[in-house]
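**Student:** Below are the sequence and a predicted model; questions follow.
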There are 2 protein chains.
Amino acid sequence: MQGSSHDDVRRHNLSVVLRLVHRSGAASRSQLTRVTGLNRSTIAALVAELVERGLVVESEPSSTNQVGRPSPIVSVSEQVVALAVNPEIDAVTIGIVGLDGQVHRRVRYPTDQSPSVLEAVNIAAAVIDGMRGELEARFKVVGIGVAVPGLVRAHDGLVRHAPHLGWIDEPLAEMLEAATGYPVLAANDASLGALAERFFGAGKGITDLIYLNGGASGIGGGMIVGGAPAGGIAGYAGEFGHTRVSDSERVDSAGIRGTLEAEVTRRELLEVLGLDGADTDELEQALLASTSPVVRAEVNRQIDHLAVALAGAINILNPQLVVLGGFLAALLAVDADRLRSAVAKHSLDAAFGTVRLSAAELGSNLLMIGAAELAFEGLLDDPAGPPAAGAGAVSA
Amino acid sequence: MQGSSHDDVRRHNLSVVLRLVHRSGAASRSQLTRVTGLNRSTIAALVAELVERGLVVESEPSSTNQVGRPSPIVSVSEQVVALAVNPEIDAVTIGIVGLDGQVHRRVRYPTDQSPSVLEAVNIAAAVIDGMRGELEARFKVVGIGVAVPGLVRAHDGLVRHAPHLGWIDEPLAEMLEAATGYPVLAANDASLGALAERFFGAGKGITDLIYLNGGASGIGGGMIVGGAPAGGIAGYAGEFGHTRVSDSERVDSAGIRGTLEAEVTRRELLEVLGLDGADTDELEQALLASTSPVVRAEVNRQIDHLAVALAGAINILNPQLVVLGGFLAALLAVDADRLRSAVAKHSLDAAFGTVRLSAAELGSNLLMIGAAELAFEGLLDDPAGPPAAGAGAVSA
DNA sequence: CGTGATACGTTGCAGATCGCCACAAATCGA
DNA sequence: TCGATTTGTGGCGATCTGCAACGTATCACG
């Protein structure tokens, strides 16, 4: 319940303009006036301040075949970047992501075994140190966003529980902040995936969506509710994988019986295909190519269970879009009709009638973009706030 | 993506102040300055404008044993009211609800059979016409809020499907608006229940909560996500009753198998108790008094199924609070421990650890308050907007 | 009962931001 | 080349909030 004053207006308007060019890409000043409803002169002043701060760039109007004086194009500065970090079972991935959503660089550092928190932090810090020259010369770094495959407490980046990494109550954000000097934010990987798909992938402009990702280690998810990422009271929201879908005795990674994650697994798909290891694309190709009735039966079984979980979430959340990533997208690709009709069977007509199912679009850059988005959030909220300093700026 | 200007600042600040006295009750001007962070002089001006518009009243400072000049108490005007309408299977209830959340009057108009839309509208309009003298003399009416037991399309108040009333695609809001001359908004009853409990009941000040209500005709629900009521893309969100909780063949009112609403019913509780009809309080008393093992077994069965649905919702939404209303509150009262431990078994530790289960507090006024809240929303968003006119003001 | 301390209301003024308006500039089409 | 159209630019006015100084009501203490 905060009152607002003039500086808040300015802050808000700067934020709106920067968000627009961040999310919708380059736009002319006249487009900005139309979308924001602000006055031409106001937009001019706002853009000038953003240019001043090095956040956006104005460039020559492109030749649109329109009458009237051409309007300069406003686009995001290529210098402003965030660092993205994603620890996994077998690697730590670090990326440099521009404010325009472009992934400038991505380094995957493989590990022999699942890294401890300290190892993950050290790897990330070392890779970032290696990039430091480039970062300081070419970029302004806003901060670091970390996508963690587990439950992360929102406000301080404490990893409550990352089962597949074996992390429990680890102060990841704090450690990485101390090791690099950059401000660090962390969140659940699937929640960030939802964010990324929402702004840069299948869910552009959509205010209510559910994202479910199927990975080697289980099923996670995230949601956008009413235009805002829904994290719940502590940032643990989106755990669709532990939704009950059957009365069976199968147990998931959290020890809960009959859940989506217990019934719908990547491992079992690989087994019936006789594959040992395969990335998501290969898995999808193999599933599409297979004519084996055994494979088909397993796919059907998993689709039917997935449908129950999706229908439940659709009934509760009434989303506009359900985005499926990882091997769940493969299931959709193999038999979208079966999935759709199974979802229809378990959901209310009205809610089902307003929803679309679709596959994720961002592929391997998904988590880099999502994690960077997390780091950009502060800047987007208050472009005139603490300057997006050069490397090594923020104190511990 | 709207820009804001100075009138927006004023609007916002008026809105903040009015919301504060609406939700937290009377407050001194000095309290308002502290909570809003605004300047003393600004609060003085804002309150003066709200007084001018007849929305709030300033009264003599109460004798708080504090040094310093006493600060006038700002409270909501008793004249500002909304009308609440709630059509049910066997009655239409109409109420006058003050901006302070107080229910000034409630009229329950019983019907022989489930009313058609036209009947419900006529009854409501007739009752309101009956009150007209009083309304015009004593009150300023903001509008009408309708709590509908079914799916309601948010933006125009079209009742998509109210199964128990047998309504399909009925333009309820439009009809009632034409019949009464007041602006009408409609929404799902359980969603409004969530809203009411959040502001005036068990969920005061909580930003993430789930509300489930068990009624004679089924189970509905609503949620507050990140501080805002979550309606989904079309206002159909919150249908927890159709969550799958078992593989059984039982079918719910929407024809879906094995759902919460199919397994957990008020009717079956009454049956094992040997009761014919009973209101919620009587049902709870009878359950608490009963020592029959048959009753106990049925209660346990329902609790266990309820727990599955709650756990699923908790995993997905990570709420701070789950509020149970109607006969679900009775189940909680009979064996809270069993429900809690069953929920724990099906949910993630981290999400379960942050959630509380509690019974609804508002009882029979719940839907009146919720529906009124819906009608107040426009005024709270923009206190300086179109005047909360006396009766008969707003054109059709 | 009077005095000082404290907290708050009140008033006038300054600062900041946005909208409006008039004019200039750039483009298209004839 | 000229008019129509669209947009940038710069000055002006309106509005709202914050600030500071002063007035006022209460409490505590002697």
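**Tutor:** Good, I have the coordinates.

**Student:** roughly how far apart are A:Gly226 and DNA strand D?
**Tutor:** Distance, A:Gly226 to DNA strand D, by C-beta to the nearest atom of the strand, to the nearest Å: 26 Å. Every C-beta, even on glycine, is put in place using the N, C-alpha and C of the backbone.

**Student:** Likewise for A:His22?
**Tutor:** From A:His22 across to DNA strand D, the span is 19 Å (C-beta to the nearest atom of the strand).

**Student:** for stretch A:127-136, what is the average pLDDT?
**Tutor:** On average, the pLDDT along stretch A:127-136 is 95.

**Student:** I misspoke; the intended subject was stretch A:298-314.
**Tutor:** In the prediction, stretch A:298-314 has an average pLDDT of 98.

**Student:** With stretch A:382-390 instead?
**Tutor:** Per-residue scores along stretch A:382-390 average to 70.

**Student:** Likewise for stretch A:164-178?
**Tutor:** pLDDT averaged over stretch A:164-178 gives 96.

**Student:** That stretch: which residues count as buried?
**Tutor:** Of all the residues in stretch A:164-178, those buried under the rule 16 or more other C-beta atoms under 10 Å in any protein chain shown are A:165, A:167, A:170-177.

**Student:** now it: how far from the chain's centre is it?
**Tutor:** 19 Å (C-alpha atoms, centre = their mean, to the nearest Å).

**Student:** CA-only coordinates of that stretch, as PDB, when you get a sec.
**Tutor:** Provided in PDB are the C-alpha atoms of stretch A:164-178 (Å, rounded to 0.1, in the frame of the first residue of the first chain):
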ATOM      1  CA  HIS A 164      18.900 -34.200  -8.200                       C
ATOM      2  CA  LEU A 165      21.900 -32.100  -7.200                       C
ATOM      3  CA  GLY A 166      21.600 -33.200  -3.600                       C
ATOM      4  CA  TRP A 167      21.500 -29.700  -2.400                       C
ATOM      5  CA  ILE A 168      19.700 -28.800   0.800                       C
ATOM      6  CA  ASP A 169      19.400 -25.300   2.300                       C
ATOM      7  CA  GLU A 170      22.400 -23.900   0.400                       C
ATOM      8  CA  PRO A 171      22.900 -20.100   0.300                       C
ATOM      9  CA  LEU A 172      23.700 -20.200  -3.400                       C
ATOM     10  CA  ALA A 173      23.000 -16.600  -4.300                       C
ATOM     11  CA  GLU A 174      25.000 -15.300  -1.400                       C
ATOM     12  CA  MET A 175      28.000 -17.500  -2.300                       C
ATOM     13  CA  LEU A 176      28.000 -16.500  -5.900                       C
ATOM     14  CA  GLU A 177      27.600 -12.900  -5.100                       C
ATOM     15  CA  ALA A 178      30.600 -13.100  -2.800                       C
END
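
**Student:** From the rest of the structure, what touches that stretch?
**Tutor:** A:85, A:87-89, A:114-118, A:120-121, A:124-125, A:144, A:146, A:148-150, A:152, A:156-162, A:182-186, A:217-218, A:253, A:396 (C-beta atoms under 8 Å, 6 or more residues apart in numbering or on different chains).

**Student:** do the same with stretch A:363-378
**Tutor:** Contacts of stretch A:363-378 (C-beta under 8 Å, 6+ apart): A:22, A:81-86, A:93, A:95, A:97, A:99, A:101, A:103, A:106, A:142-147, A:183, A:185-187, A:189, A:191-197, A:199-201, A:325, A:360, A:362, A:385.
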